[in-house]
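Visitor: pasting the sequence and the predicted coordinates here, then a few questions.
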Amino acid sequence: MLIDPDPSTWHDGKQLKDINLTEEEWQEIKKLIKVLEDFAEATEYLGGSKYTTISLMYSVLAMISKKILPDNSNVEIVDLTSPNTAFDDNVGYENVPEDEPITEQPKRKKININTPQDCANLENRVKVALYQSINHY
């Protein structure tokens, strides 16, 4: 689309290029799929049982917890009592200055999808949030 002589097609190609995922984001998605596969399998397993017992649920959660157990270095505590999600700090909103802290999700604001996600240590941050959520709930 970027080499098409039609200005409309070229403009569409430019916009598409700007919002496509970066290679780093694709790599992190692949890592997150592996983390989340266990949750999908557990959901299918527990959902397929006619009579799921609480002891079965606890054992499945214990197995998942062992797999996602974060290392103790640089573990941040996720505030599970806040209405914000664990990753709100990494979301950019349109029409909100970058230096302005976001205390809650802005109402009727668009997420700026042109800004790449901060993928630094994302897999571990997701594991920490999931592990703490399992233990909390």
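Guide: Cool, got the structure. Numbers count the residues shown, from 1 in each chain.

Visitor: by mean pLDDT, flag the weakest helix or strand of this structure.
Guide: Across the helices and strands of the chain, mean pLDDT, DSSP states H and E gives its lowest value to helix 7-19, namely a mean of 77.

Visitor: which helices and strands sit right next to the next helix-or-strand element following that one?
Guide: For helix 7-19, the following helix or strand on the C-terminal side (DSSP states H and E) is helix 23-48. Contacts of helix 23-48 with other secondary structure elements, assessed using 3 or more C-beta pairs under 8 Å, 6 or more residues apart in numbering; DSSP states H and E, are made with helix 54-68, helix 122-136. Where C-beta positions appear, they are placed from N, C-alpha and C, glycine not excepted.

Visitor: apply 6 Å and report the result again.
Guide: Using 3 or more C-beta pairs under 6 Å, 6 or more residues apart in numbering; DSSP states H and E, the elements in contact with helix 23-48 are helix 54-68.

Visitor: mind listing what's buried along the helix it packs on?
Guide: Neighbour-count burial for helix 54-68, with 16 or more other C-beta atoms under 10 Å as criterion, is recorded at 60-61, 64, 68.

Visitor: can you list contacts of it?
Guide: Under the criterion C-beta atoms under 6 Å, 6 or more residues apart in numbering, residues 38, 42, 127, 130-131, 134 lie in contact with helix 54-68.

Visitor: then the least confident helix or strand of the chain to CSV, C-alphas only?
Guide: Included here for helix 7-19 are C-alpha records, laid out as CSV according to Å, rounded to 0.1, in the frame of the first residue of the first chain:
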residue,chain,number,x,y,z
PRO,A,7,-2.6,9.1,-2.7
SER,A,8,-5.6,7.7,-0.9
THR,A,9,-4.2,4.1,-0.8
TRP,A,10,-0.7,5.5,0.2
HIS,A,11,-2.3,7.5,3.1
ASP,A,12,-4.2,4.4,4.2
GLY,A,13,-1.0,2.3,4.1
LYS,A,14,0.8,5.0,6.2
GLN,A,15,-1.9,4.9,8.8
LEU,A,16,-1.9,1.1,8.9
LYS,A,17,1.9,1.1,9.3
ASP,A,18,1.7,3.5,12.2
ILE,A,19,-0.8,1.3,14.2
